[in-house]
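> build me a model:
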Amino acid sequence: MARTNKKRARPKTRVLYVTSEAFPLIKTGGLADVSHALPNALAQLRIDVRLLLPAYRVVLQQFDSLRILGWLDLGAMGQVRILEGDHPDYRMPVWLVDQSTLFDREGNPYTDSNGRDWPDNPLRFAAFCRAASLLGVDALGLNWRPHVVHAHDWQAGLTHAFLEQEIDPPRRVYTIHNLAYDCQFDYAQFQALQLPPHWWSMERAEFYGRFSMMKAGLMFSDAITTVSPTYAREICTPEYGYGYASILEHRRERLQGILNGIDTAVWDPAGDEHLVAHYSRGKGVAKAKQSNRAEMLRLMGYEVDEAVLSRPLIGFVGRLVFQKGVDLLVEAMPRLMQNTDACFALVGTGEPGLEQRLRELASAHHGRVFIHLGYSERLSHLLEAGVDIFAMPSRYEPCGLNQMYSLRYGTPPVVRNTGGLADTVIDANPATLESGTANGFVFENSTPEALAMALRRALQAWAEPGLWQQLMENGMGVDFAWNRSAREYVQCYRAAPEY
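A predicted model of the protein is given here:
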């Protein structure tokens with residue numbers, strides 16, 4: 001009998017995706033957007049995914065029904081229940097780590113109503129990680145054992161440390177979304193959690209006399225990714241490394257920058273459910289922007305007049321914090337309003353001092369400065385569609401999503417040359433304008449003067465309709481869908497030995 005040379009098919013890759021937030025179930029920042037879009041993109045590529053989240057109260061309320069998969073004994077950290085549910089926004093089952101004393105509480109998943117970290121965060125997320133590691137070796141006997149456990153940021157940082165204790169653990173991939181947030185605690189807390197004593201060492205997760213959940217993720221992983229190529233290089237330097245630069249430099253061969261994508265179904269000016277007027281590249285942009293601007297201002301509580309519809313409007317949406325360079329924008333705004341027609345619209349919440357400064361500017365410049373101090377998903381979409389220029393003067397930006405939303409919505413961004421902003425925005429200068437690649441404006445120094453100069457360049461370009469149309473169309477033509485990034489993650493997953 002003739003022998004056939006059929007190549008044995010690779011089994012379908014199974015991935016346990018471990019994250020502390022995922023839109024629309026729970027969101028405090030960009031991690032939630034990524035944890036919605038990337039798992040779904042992976043599922044489209046026929047990756048067998050399970051999304052694992054803590055069972056926060058607000059998350060439990062968003063499922064019509066939940067199935068009990070079983071209980072896990074976490075030793076000193078107690079017992080947790082594992083639930084499974086289906087949600088219309090996800091192509092895969094969602095698993096939840098349920099322990100009421102840890103996760104059933106009001107408000108932000110990480111902080112109390114006063115913005116202070118929950119004092120039991122080390123316990124809460126150590127328990128979450130221990131549960132994730134046990135699911136990573138199919139401790140419940142579900143006949144589903146992942147080839148890869150993909151953990152995200154400090155909240156999932158201990159997952160891979162726990163997995164190291166297992167026989168033949170799955171491949172461990174760890175993604176840094178923001179190195180500046182790392183959750184450190186002292187030796188007394190380390191002992192209270194009854195973590196393995198050898199973890200308290202420079203070679204493991206001890207960090208300048210404290211224990212770092214971020215360092216645990218870095219030291220116990222087979223592969224480390226972060227959310228843009230430029231940020232991967234930046235965090236190996238003292239300026240951006242937050243004390244971890246030498247560790248990342250030592251592990252550079254395991255470090256890879258994969259640029260985030262955006263959910264082009266949710267962020268699509270041609271069909272966005274939050275907009276009152278839709279548009280697409282080259283079709284009805286100007287008229288639709290005016291309609292969306294009017295609706296945005298109405299929702300923000302302002303009367304709309306012809307002046308604000310005809311003047312250039314510069315927008316910002318995000319956290320009002322030092323990292324985002326909002327203080328630079330606050331300093332630049334009065335200067336620009338003195339000698340240009342620019343108006344400003346800002347949506348966000350954050351540091352009390354910056355919020356107060358914005359209130360003062362809105363009061364002093366009635367009809368020129370419009371603010372909404374709070375989180376609003378609809379206003380975020382309307383702002384991207386309703387303003388002319390998007391300001392994103394971040395001091396550092398691991399990836400950034402809003403500059404990509406802005407490009408897709410025909411809103412050229414003004415950004416600082418850092419992280420994912422440097423990887424996505426191409427400065428409008430003579431060479432890039434001639435080559436047809438320019439899509440925004442980039443500046444170098446973190447100063448109000450440098451930002452103001454870049455915004456003036458953008459305002460000058462806005463005053464030239466032909467040039468501005470070219471910039472808008474260039475930005476709207478860039479493909480930021482998750483398919484490309486998801487394929488890079490699949491390659492990272494499959495760098496493991498044959499399974």
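> show me the strands in the stretch 51-200 of the chain, by range?
67-73, 79-85, 94-98, 148-152, 171-176, 184-185 (DSSP state E, counting those that start in this stretch).
> with the stretch 201-350 of the chain instead?
Going by DSSP E, counting those that start in this stretch, the stretch 201-350 of the chain shows strands at 206-207, 210-212, 223-226, 255-257, 313-320, 343-350.
> any idea which of the strands of the stretch 51-200 of the chain is most buried?
The highest mean neighbour count among the strands of the stretch 51-200 of the chain, using mean count of other CB atoms under 10 Å, belongs to strand 148-152: a mean of 28. Every C-beta, even on glycine, is put in place using the N, C-alpha and C of the backbone.
> okay, R10: pLDDT?
Here the pLDDT value assigned to R10 is 62.
> low-confidence bits of the stretch 301-450 of the chain, can you list those?
For the stretch 301-450 of the chain, not a single residue meets the criterion pLDDT under 70.
> the helices in it, which residues?
Secondary structure of the stretch 301-450 of the chain by DSSP state H, counting those that start in this stretch: the helices cover 306-310, 326-339, 352-364, 377-386, 402-408, 419-424, 430-435, 448-462.
> can I get those helices in TSV with distance to G141 and mean neighbour count?
Shown next, in TSV, are the helices of the stretch 301-450 of the chain (distance: least, CB to CB, whole Å; neighbours: other CB atoms under 10 Å):
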stretch	distance to G141	mean neighbour count
helix 306-310	62	13
helix 326-339	50	19
helix 352-364	51	15
helix 377-386	40	24
helix 402-408	42	27
helix 419-424	41	25
helix 430-435	57	12
helix 448-462	57	19
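> out of those, nearest to Q184?
helix 419-424 (23.1 Å; CB to CB).
> the stretch 1-150 of the chain: helices as residue ranges?
According to DSSP H, counting those that start in this stretch, the helices that the stretch 1-150 of the chain contains are 30-44, 57-60, 100-103, 121-136.
> among the ones you listed, which is nearest C492?
Closest among the helices of the stretch 1-150 of the chain, using CB to CB: helix 30-44, at 11.3 Å.
> and the angle for that closest one with strand 171-176?
140 degrees (axes from the mean of the first three to the mean of the last three CA atoms, to 10 degrees).
> need the residues that contact helix 30-44.
15, 17, 19-27, 49, 51, 89-92, 152-153, 177-178, 227, 260-263, 266, 399-401, 482-483, 485-486, 489-490 (CB atoms under 8 Å, 6 or more residues apart in numbering).
> and the angle from it to strand 313-320?
Using the same axes, to 10 degrees: helix 30-44 against strand 313-320 is 90 degrees.
> coming back round to it: ok, and which of the helices of the stretch 1-150 of the chain has the densest surroundings?
It is helix 121-136: most buried of the helices of the stretch 1-150 of the chain by mean count of other CB under 10 Å, with a mean of 25.
> chain center to it: distance?
22 Å (CA atoms, centre = their mean, to the nearest Å).
> how about that helix as PDB, C-alpha atoms only?
Presented in PDB, the C-alpha positions along helix 121-136 are these (Å, rounded to 0.1, in the frame of the first residue of the first chain):
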ATOM      1  CA  ASN A 121      -5.300  44.900  46.000                       C
ATOM      2  CA  PRO A 122      -2.300  42.500  46.500                       C
ATOM      3  CA  LEU A 123      -4.600  39.800  47.800                       C
ATOM      4  CA  ARG A 124      -7.300  40.400  45.300                       C
ATOM      5  CA  PHE A 125      -5.100  40.100  42.300                       C
ATOM      6  CA  ALA A 126      -2.800  37.500  43.700                       C
ATOM      7  CA  ALA A 127      -5.900  35.300  44.100                       C
ATOM      8  CA  PHE A 128      -7.000  36.200  40.500                       C
ATOM      9  CA  CYS A 129      -3.500  35.200  39.200                       C
ATOM     10  CA  ARG A 130      -3.500  31.900  41.200                       C
ATOM     11  CA  ALA A 131      -6.800  31.000  39.800                       C
ATOM     12  CA  ALA A 132      -5.600  31.800  36.300                       C
ATOM     13  CA  SER A 133      -2.600  29.600  36.700                       C
ATOM     14  CA  LEU A 134      -4.700  26.700  37.900                       C
ATOM     15  CA  LEU A 135      -7.000  27.100  34.900                       C
ATOM     16  CA  GLY A 136      -3.900  27.200  32.800                       C
END
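> now it: mean pLDDT?
The model assigns helix 121-136 a mean pLDDT of 98.
> distance to L471 added to the helices of the stretch 1-150 of the chain, as JSON lines?
Below are the helices of the stretch 1-150 of the chain laid out as JSON lines (distance: least, CB to CB, whole Å):
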{"stretch": "helix 30-44", "distance to L471": "25"}
{"stretch": "helix 57-60", "distance to L471": "40"}
{"stretch": "helix 100-103", "distance to L471": "46"}
{"stretch": "helix 121-136", "distance to L471": "43"}
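> ok, which of the ones you listed comes nearest Q356?
helix 30-44 (25.6 Å).
> which phi and psi does the closest residue to E206 other than its chain neighbours have?
Leaving aside its sequence neighbours, E206 sits nearest to W200 (CB to CB, 6 or more residues apart in numbering; 4.9 Å). Main-chain dihedrals, W200, degrees, to the nearest 10: phi -80, psi 80.
> from R210, how far off is W200?
Separation of W200 from R210 (CB to CB, to the nearest Å): 10 Å.
> show me what counts as buried in stretch 382-400.
The neighbour-count check on stretch 382-400 (16 or more other CB atoms under 10 Å) flags 382-400 as buried.
> coming back round to it: among the helices of the stretch 301-450 of the chain, single out whichever gets nearest to T159.
helix 419-424 (24.7 Å).
> for the closest one, the distance to its chain's centre please.
14 Å.
> so which elements touch that helix?
If you count contacts as 3 or more CB pairs under 8 Å, 6 or more residues apart in numbering; DSSP states H and E, helix 419-424 packs onto helix 229-234, helix 402-408, strand 413-416.
> okay, the ones you listed in TSV with distance to L72 next?
Shown next, in TSV, are these (distance: least, CB to CB, whole Å):
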stretch	distance to L72
helix 229-234	34
helix 402-408	38
strand 413-416	44
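> and L309, which of these is closest to it?
Nearest to L309, of the helices and strands packed on helix 419-424 and by CB to CB, is helix 402-408 at 19.4 Å.
> residues in contact with the closest one: which ones?
260-262, 264, 267-269, 317-318, 384, 390, 392, 412-413, 415, 420-421, 424-425, 439-440, 475-476, 478, 480.
> returning to what we had before: right, so of the strands of the stretch 201-350 of the chain, which gets closest to G136?
Per CB to CB, nearest to G136 of the strands of the stretch 201-350 of the chain: strand 223-226, 15.0 Å.
> list the contacts of that closest one.
171-177, 179, 217-218, 232, 235, 248, 251, 254-258, 398, 489, 492, 495.
> need the CA coordinates for that strand. CSV is fine.
Provided in CSV are the C-alpha atoms of strand 223-226 (Å, rounded to 0.1, in the frame of the first residue of the first chain):
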residue,chain,number,x,y,z
ALA,A,223,7.8,36.2,25.9
ILE,A,224,7.2,39.8,26.8
THR,A,225,5.3,42.1,24.5
THR,A,226,4.3,45.7,24.7
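> that one pairs with which strands?
Paired strands of strand 223-226, with direction, are strand 171-176 (parallel), strand 255-257 (parallel) (DSSP bridges).
> let's have those strands in CSV, adding distance to A342.
Formatted as CSV, the strands paired with strand 223-226 follow (distance: least, CB to CB, whole Å):
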stretch, distance to A342
strand 171-176, 36
strand 255-257, 34
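> between those strands, which gets nearest to P109?
strand 171-176 (17.9 Å).
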